[in-house]
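> Coordinates for the following, if possible.
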Amino acid sequence: EVQLVESGGGLVQAGGSLRLSCAISIFTATDYYIGWFRQAPGKEREEVSCISPSISGGRIYYAASVKGRFTASSNNAKNTVYLQMNSLKPEDSAVYYCTAGWAGCMDYWGKGTLVTVSS
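A predicted model of the protein is given here:
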């Protein structure tokens, strides 16, 4: 059973930083996609970042809206992933979800953590 548990959300002023963490429990696979999505009230879900497994090149995708401000990473064992968010804007306010999968970043989802950026 895959479990994804996010933490690190909260309230921050515009221009500030937050780091989200996601603890991943995957019993059998050691090479998989890891991602972050977000959804704000009344808006469509947005893929923020997706890290491809090393066997697929280890590339990291970022949405244009966060490129240069957000950094996704994982620890060596790939059982914890992070999303460092800098220069936060009010429009970054959303519920952020950690995701994972075998062929993409959307197979498994955490319950989400709320990020609120005040102006």
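> Does residue 119 touch residue 90 like I think?
Yes - between residue 119 and residue 90 there is a contact at 4.8 Å, judged by C-beta atoms under 8 Å. To be clear about C-beta, it is placed using only N, CA and C from the backbone, and glycine gets the same treatment.
> For the one residue sitting closest to the centre of the chain, list the residues it contacts.
The residue lying closest to the centre of the chain (C-alpha atoms, centre = their mean) is residue 36, at 2.6 Å. The neighbours of residue 36, taking C-beta atoms under 8 Å, 6 or more residues apart in numbering as the test, are 20, 22, 47-50, 72, 81, 83, 96-99.
> so what's residue 101 closest to, chain neighbours aside?
The spatial neighbour of residue 101 that comes closest, neighbours along the chain excluded (C-beta to C-beta, 6 or more residues apart in numbering), is residue 107 at 3.2 Å.
> Okay, that neighbour and residue 25: tell me how far apart.
From residue 107 across to residue 25, the span is 14 Å (C-beta to C-beta, to the nearest Å).
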